[in-house]
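K.L.:
Curious how this folds, go ahead:
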Amino acid sequence: PYKGRGVREVIHLDAVDTHLTLDLIDDSYNANPTSMAAALEVLAASEVTHDIGRVSKGRRIAYLGDMKELGPDEIALHAGLAHLHATQQLDVIHCVGPLMRSLYDLLPAHQRGEWAATSDALLPGLSGHLDSGDVVLAKGSLSMKLGLIVDAIRKMGHPVPNEVQGQAPVR
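P.N.:
Residues are numbered from 1 along each chain as shown. This next block holds a predicted model:
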């Protein structure tokens, strides 16, 4: 897959202990209600790893940006994401953009991460949001620039010795 179109990768959070990882799903290139629901289902079905991070419980974390060009029902389509079974299976949801505010406001307190008008506003606290064992999804329309969040998560990583380009990631 191309950058931002469902690429899944392992981010090594420690240069020595290769078990301290998180999984990143970069689907930041485009979004509509159907593709958003599908991405949330993938995240909800993803296996997390417990007992390796600060939190000890691996989590399913989403960074969701506005879906653009949806017409007059755009607010209702964003709010409707709260009622999807897959959404209810997630541990933490961070929202980016004025349209995603309608989803954020409907989330129960235990799922509610942060809301920001722009992706870059979430960058300062990003490393505190994530831990080893987590699976993280970034999904939104390209204009919401969730790629900034994806790039920041990648920069949290460390190169791992003996990892060969094109082979399955070392865990």
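K.L.:
From here on, just use CA atoms for contacts and neighbour counts.
P.N.:
Fine.
K.L.:
Show me which helix runs longest in this protein.
P.N.:
The residue-count maximum for a helix in the chain (DSSP state H) belongs to helix 33-45.
K.L.:
Give me the mean pLDDT for it.
P.N.:
In this model, helix 33-45 carries a mean pLDDT of 97.
K.L.:
in that helix, what counts as buried?
P.N.:
Of all the residues in helix 33-45, those buried under the rule 16 or more other CA atoms under 10 Å are M36, A37, A39, L40, E41, L43, A44.
K.L.:
do stretch 7-14 as well
P.N.:
By 16+ other CA under 10 Å, the buried positions in stretch 7-14 come out as R8, V10, I11, H12, L13, D14.
K.L.:
how far is the helix or strand harbouring L77 from where the chain is centred?
P.N.:
Assigned by DSSP states H and E, L77 belongs to helix 74-79. Remark: helix 74-79 is offset 19 Å from the chain centroid, using CA atoms, centre = their mean, to the nearest Å.
K.L.:
Show the subsequent helix or strand relative to that helix.
P.N.:
Using DSSP H and E, the helix or strand that follows helix 74-79 in sequence is helix 85-88.
K.L.:
Please name every helix or strand in contact with that following helix.
P.N.:
helix 33-45 (3 or more CA pairs under 8 Å, 6 or more residues apart in numbering; DSSP states H and E).
K.L.:
so how far is the helix it packs on off the chain centroid?
P.N.:
11 Å.
K.L.:
Extract the CA atoms of that helix and return them as CSV.
P.N.:
The C-alpha coordinates for helix 33-45 follow below in CSV (Å, rounded to 0.1, in the frame of the first residue of the first chain):
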residue,chain,number,x,y,z
PRO,A,33,-18.1,7.2,6.2
THR,A,34,-17.6,3.7,4.7
SER,A,35,-13.8,3.7,4.8
MET,A,36,-13.9,5.2,8.3
ALA,A,37,-16.2,2.4,9.5
ALA,A,38,-14.0,-0.2,7.9
ALA,A,39,-10.8,1.3,9.5
LEU,A,40,-12.5,1.3,12.9
GLU,A,41,-13.4,-2.4,12.4
VAL,A,42,-9.8,-3.2,11.6
LEU,A,43,-8.6,-1.4,14.8
ALA,A,44,-11.3,-3.0,17.0
ALA,A,45,-10.3,-6.4,15.8
